[in-house]
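A.B. asks: Requesting a structural model of the entry that follows:
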Amino acid sequence: MAAPLVLPNKTPLFGVCICYPSSGVVERIGPDWDWIWIDGQHGELGYQDILGLVRACDLIRRPAFVRVAAHDYGEIGKALDLGAAGVIVPCVDTAEQARQLVFAAKFPPLGGRSYGSRRLIDLYGRLFVEKANVETLLVVQIETPLAISNVEEIAAVPGVDALFLGPDDVMLRRGFAMTTPRSPETLGDDMRAVVSACRRQGKKAVAVGASSEMAAFALHLGFDLIVGGADVGFLAVGSANAAAEMRKIAAAR
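C.D. replies: Have a look, this model is predicted:
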């Protein structure tokens, strides 16, 4: 019997975000990365899409992390029942919210997750539950100034496995326009706060490093998991570059 996919015990680990409902994309580019972020919050994904993407991650032997849309007990349990290696939960501002998410994501005695995943039992047997609290991760997103002010208390909550700085929402709530570049100047203090709290509390720290500057900065600070890009960005940039090259060739005739 195969074991559920778990995050490799090494750092740093580089991940890719998937926003479009295409398991073929995961099969094609997923092996380039260490882990896959399936965006069920802002991506164009429904339940069957996410299930197909998790299955594609299993096929290529990469752990899948599903971002759910809300702090919802049923939605969190359903994402984990699909066989995801973990859930990413947005906009966690307080330790009390984090404790409620632990209740949803972890089995007793740590939490109150409901037992009975059809897919996990079919694949791994009824005893998958014995390792589930360790092998499936709860990743909470730190996305507001309030969350930054509470970051130490959030990181200290038992059952929270990782903290993920959400750069766009943090910048928006600090008054930056969305056209403002992500940089050490605009995000450095918030990134330092997250990684420092994670170090003190023994949790994993997650960041977005979609530019070479921000990837290098995240590595310098010691983040454990770094998002290197998304399907939408790779598609858009590749298409734009190819179209520009065609027009350049045509103009030179």
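A.B. asks: where does the stretch 1-150 of the chain have low pLDDT?
C.D. replies: Flagging of the stretch 1-150 of the chain using pLDDT under 70 yields the residue ranges 1-3.
A.B. asks: show me where it has strands.
C.D. replies: Along the stretch 1-150 of the chain, the stretches classed as strands by DSSP state E, counting those that start in this stretch are 13-18, 35-39, 64-67, 86-89, 137-142.
A.B. asks: Of those, which is nearest Pro184?
C.D. replies: strand 137-142 (17.2 Å; Cβ to Cβ). (Glycine included, C-beta is placed from N, CA and C.)
A.B. asks: Which strands or helices does that closest one pack on?
C.D. replies: Using 3 or more Cβ pairs under 8 Å, 6 or more residues apart in numbering; DSSP states H and E, the elements in contact with strand 137-142 are strand 64-67, strand 86-89, helix 95-105, helix 151-155, strand 162-165, strand 204-208.
A.B. asks: Please enumerate the helices of the stretch 101-250 of the chain.
C.D. replies: For the stretch 101-250 of the chain, the helices defined by DSSP state H, counting those that start in this stretch cover 118-124, 129-135, 145-149, 151-155, 167-173, 184-201, 212-221, 231-251.
A.B. asks: Quick check: which of those helices is buried the most?
C.D. replies: Compared across those, helix 151-155 shows the largest average neighbour count, a mean of 20 (mean count of other Cβ atoms under 10 Å).
A.B. asks: Contacts for that helix, please.
C.D. replies: For helix 151-155, the external contacting residues (Cβ atoms under 8 Å, 6 or more residues apart in numbering) are 92, 94-95, 98, 140, 142, 147, 160, 163, 193-194, 197-198, 200-201, 203.
A.B. asks: now, which of the residues you listed sits nearest Ser211?
C.D. replies: Nearest to Ser211 among those: Val194, at 18.2 Å, using Cβ to Cβ.
A.B. asks: Quick check: that closest one vs Gly188, distance?
C.D. replies: 11 Å (Cβ to Cβ, to the nearest Å).
A.B. asks: hang on, the earlier thing: now render the helices and strands packed on strand 137-142 as a markdown table, adding distance to Thr180.
C.D. replies: Below are the helices and strands packed on strand 137-142 laid out as a markdown table (distance: least, Cβ to Cβ, whole Å):
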| stretch | distance to Thr180 |
| --- | --- |
| strand 64-67 | 23 |
| strand 86-89 | 24 |
| helix 95-105 | 28 |
| helix 151-155 | 22 |
| strand 162-165 | 16 |
| strand 204-208 | 14 |
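A.B. asks: Nearest to Gly222, out of these?
C.D. replies: Gly222 sits nearest to strand 204-208 of all those, at 7.1 Å, using Cβ to Cβ.
A.B. asks: residues touching the nearest residue to Ala84 once chain neighbours are set aside, list them.
C.D. replies: Distances taken as Cβ to Cβ, 6 or more residues apart in numbering put Val66 closest to Ala84, at 4.5 Å, once the chain neighbours are dropped. Neighbouring residues of Val66 by Cβ under 8 Å, 6+ apart: 38, 40, 50, 54, 79, 82, 84, 86-88.
A.B. asks: Mind picking the one among the residues you listed that's closest to Leu120?
C.D. replies: Lowest distance from Leu120 to those (Cβ to Cβ) belongs to Leu82, with 8.5 Å.
A.B. asks: So what's the residue count around that closest one?
C.D. replies: For Leu82, the neighbour count with other Cβ atoms under 10 Å is 21.
A.B. asks: OK, contacts around it?
C.D. replies: So Leu82 contacts 50-51, 54, 66, 117, 119 (Cβ under 8 Å, 6+ apart).
A.B. asks: Over to Val87?
C.D. replies: Val87 neighbours (Cβ under 8 Å, 6+ apart): 65-68, 76, 79-80, 105, 136-139.
A.B. asks: Before I go, just wanted to say thanks for your time.
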